[in-house]
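[1] Generate coordinates for the sequence data below:
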Amino acid sequence: MISKKDVQYISHLSRIYTDDHEAEALAKNLEGILTYIEKLKKLDIKNVKPTSHVLPLKNVFRDDILKESLGQKNATKIAVKSEKGSFKVPQVIE
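    Next up is the predicted model:
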C-alpha cells in the first residue's frame, strides 16, 4: 500500500511541492493504478501477439515524384535581393 508519506518522499525527490491534501489524493490514485496493474497481470496473454499500436498503421505519404529543380537563376529572380548568384540577406551576426 502506498502511504501519504511515500508520496511526500517521492515528491521531495522530484522537487515537487505537495501539501497533505494533495499527497493523500495522490496516494489513493497511485494505489488504484497499482491495483489495476495487478488485475492486468492475471490476464492470460500467451496467445496474444505483441503490438506497438492497437490499430494497423499505414504510410500516409505520397510517392516521390522526380521533378526538375528550380535552378539558381530562377531562384535568385524571385529573391528580394541577390548578389553574384546568391541570396542577399541582412547581417545577423556581427
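
[2] so who does Glu22 touch?
    By CB atoms under 8 Å, 6 or more residues apart in numbering, the contact set of Glu22 is empty. Bear in mind the C-beta positions are built from the backbone N, C-alpha and C, glycine included.

[3] do you know how far it is from Asn29?
    10 Å (CB to CB, to the nearest Å).

[4] What are the buried residues along the helix or strand where His21 lies?
    Mapping His21 onto the secondary structure by DSSP states H and E places it in helix 20-41. Residues of helix 20-41 classed as buried: 23, 26-27 (neighbour count, 16 or more other CB atoms under 10 Å).

[5] same thing with stretch 3-19?
    Of the residues in stretch 3-19, those buried (16+ other CB under 10 Å) are 4, 7-8, 11, 18.

[6] ok now that stretch, how far from the chain's centre?
    26 Å (CA atoms, centre = their mean, to the nearest Å).

[7] what's next to that stretch, contact-wise?
    20, 23-24, 26-27, 30.

[8] Including pLDDT and distance to Pro56, could those residues go into JSON lines?
    Below are the contacts of stretch 3-19 laid out as JSON lines (pLDDT from 0 to 100; distance: CB to CB, whole Å):
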{"residue": "Asp20", "pLDDT": "92", "distance to Pro56": "48"}
{"residue": "Ala23", "pLDDT": "93", "distance to Pro56": "43"}
{"residue": "Glu24", "pLDDT": "93", "distance to Pro56": "43"}
{"residue": "Leu26", "pLDDT": "94", "distance to Pro56": "37"}
{"residue": "Ala27", "pLDDT": "94", "distance to Pro56": "39"}
{"residue": "Leu30", "pLDDT": "94", "distance to Pro56": "34"}
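
[9] Need the max-distance pair from those.
    Asp20 and Leu30 (15.6 Å; CB to CB).

[10] follow-up on the earlier one: can you name the next helix or strand after the helix holding His21?
    Following helix 20-41 toward the C-terminus (DSSP H and E): helix 72-77.

[11] Now find how far off-centre that following helix is within its chain.
    With CA atoms, centre = their mean, you get 39 Å for helix 72-77.
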